[in-house]
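Asks: got a predicted model here, sequence first, then my questions.
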Amino acid sequence: MKRLLLLAATLTVVLSACAPAATPAPTPEPPDIDATVGALAETMVAGTLTAIPTATLLPTDTPFPTPTLTPAATPTITPTIAPTTAPRPFACNPDGRVLAQMEFRNNSSQQVLAVLSSPICYREFSITPGASVTQTVPVDTYSYYGYIGSDAGFSGSVWLSDNIHAWVLHISDTGAILETP
């Protein structure tokens, strides 16, 4: 093995001694360098010139809108209220209905706030101590409720059926009692 290694080393030395010398890198000549620099400069100038925008034209005059004529004044119409045949909510006096009466007597020592209501009528009123208030309303089923001062309250319902007799609600400091006709 030593022989083979010695033979390979000798052969390498002999062959490398016979090889030609390496060629040096070519050096550019000054006119070539000048031409390359000139070509690059012209390319950069051409690129800059294409990037510069052109001058913008001035805008043209915009015409003004044609004025419109003002129309003549519209005559004002005076509204007139026509009578209606529709029922008026909470009016408590629909046409052609039979009326009934209910009296509220305040026998208490305090002011009373009372309400009398039905699907077609609503009344809210206050009664001073010792006074009475009579409500004339259409025949219907009514709910009544109220407050005696700020402490006690009362409530109930009644069917007001005719206009001959008046129902009377006696209000005291402790509550209310309905007197039938």
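Replies: Cool, the structure landed.
Asks: pretty sure residue 40 sits in a helix.
Replies: Yes. Counting by DSSP: H, G, I helix; E, B strand; the rest coil, residue 40 falls inside a helix.
Asks: what is the burial count for it?
Replies: Using other Cβ atoms under 10 Å, residue 40 has 10 other residues around it. C-betas here are computed from N, CA, C, even on glycine.
Asks: same thing with residue 18?
Replies: For residue 18, using other Cβ under 10 Å, the count is 6.
Asks: and it, how close does it get to residue 6?
Replies: Distance from residue 18 to residue 6, counting by Cβ to Cβ, to the nearest Å: 19 Å.
Asks: just residue 120 next, same as before
Replies: 136 Å.
Asks: more neighbours, those two?
Replies: residue 120 (19 against 10).
Asks: need the three-state assignment for the more buried one.
Replies: Of the three states, residue 120 takes coil under three-state DSSP.
Asks: these two touch, right, it and residue 139?
Replies: No. Under the criterion of Cβ atoms under 8 Å, residue 120 is not in contact with residue 139, lying 9.9 Å apart.
Asks: for the one helix or strand in the chain whose mean pLDDT sits lowest, C-alpha coordinates in CSV please.
Replies: Every helix and strand in the chain was compared by mean pLDDT, DSSP states H and E; the lowest is helix 30-51, with a mean of 79. The C-alpha trace of helix 30-51 is given here as CSV (Å, rounded to 0.1, in the frame of the first residue of the first chain):
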residue,chain,number,x,y,z
PRO,A,30,-10.5,52.9,-20.2
PRO,A,31,-12.6,53.6,-23.3
ASP,A,32,-14.9,50.6,-22.4
ILE,A,33,-15.4,51.9,-18.8
ASP,A,34,-16.3,55.4,-20.2
ALA,A,35,-18.8,53.9,-22.6
THR,A,36,-20.5,51.8,-19.9
VAL,A,37,-20.7,54.8,-17.5
GLY,A,38,-22.2,57.0,-20.3
ALA,A,39,-24.8,54.4,-21.2
LEU,A,40,-25.9,54.1,-17.6
ALA,A,41,-26.1,57.8,-17.2
GLU,A,42,-28.3,58.2,-20.3
THR,A,43,-30.6,55.4,-19.1
MET,A,44,-31.1,57.2,-15.7
VAL,A,45,-31.8,60.5,-17.3
ALA,A,46,-34.3,58.9,-19.7
GLY,A,47,-36.1,57.2,-16.7
THR,A,48,-36.2,60.5,-14.8
LEU,A,49,-37.7,62.4,-17.7
THR,A,50,-40.5,59.8,-18.2
ALA,A,51,-41.4,60.1,-14.5
